[in-house]
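Trainee: Sequence and predicted structure below; questions after.
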Amino acid sequence: MTSQISAKVSAEYKIMFNHTCERIGISPSTAINMFVKRMALTDAFPFDINEKIDIPNETTLAAFKESEEIIKNNPEPGFSSIEEMRRSMDLENEREDKT
């Protein structure tokens, strides 16, 4: 049997959370279930709550949002191979050298 939990979080953290879940290949629901199960079984937080972490600033959060929009609007990769990407970078470097 399952039961529902509801929690309010900031919009920025929700975006970051969803992005992280997608990046590691799990659903937000699975991530929350993992947290709840570990906390219930160990009777403690499943991580060090005193550990210092770097919190992304507004510029980084904006970059996350921008990358999500780019991916959503252009699902095709920009290059078909690493060699193609490297050739493109060499061309960019040559243009910079000439200016």
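Mentor: Ah, there it is. Predicted, not measured: the structure shown is a model, and the values here were computed from it.
Trainee: Now name the helix or strand holding residue 40.
Mentor: Residue 40 is located in helix 28-42, with elements delineated by DSSP states H and E.
Trainee: Return the distance of the next helix-or-strand element following that helix from the chain's centre.
Mentor: The helix or strand immediately downstream of helix 28-42 is helix 58-73, counting by DSSP H and E. The chain centroid and the centroid of helix 58-73 are separated by 10 Å under C-alpha atoms, centre = their mean, to the nearest Å.
Trainee: could I get helix 58-73 in CSV with only the CA atoms?
Mentor: Listed in CSV are the C-alpha atoms of helix 58-73, where the atom choice follows Å, rounded to 0.1, in the frame of the first residue of the first chain:
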residue,chain,number,x,y,z
GLU,A,58,21.1,33.1,-10.0
THR,A,59,23.4,33.0,-13.1
THR,A,60,23.9,29.2,-12.7
LEU,A,61,20.1,28.7,-12.2
ALA,A,62,19.5,30.8,-15.3
ALA,A,63,21.9,28.6,-17.2
PHE,A,64,20.1,25.5,-16.1
LYS,A,65,16.8,27.0,-17.3
GLU,A,66,18.4,28.0,-20.6
SER,A,67,19.9,24.6,-21.2
GLU,A,68,16.5,22.9,-20.6
GLU,A,69,14.9,25.3,-23.2
ILE,A,70,17.7,24.5,-25.7
ILE,A,71,17.2,20.8,-25.2
LYS,A,72,13.5,21.0,-25.4
ASN,A,73,13.5,23.2,-28.5
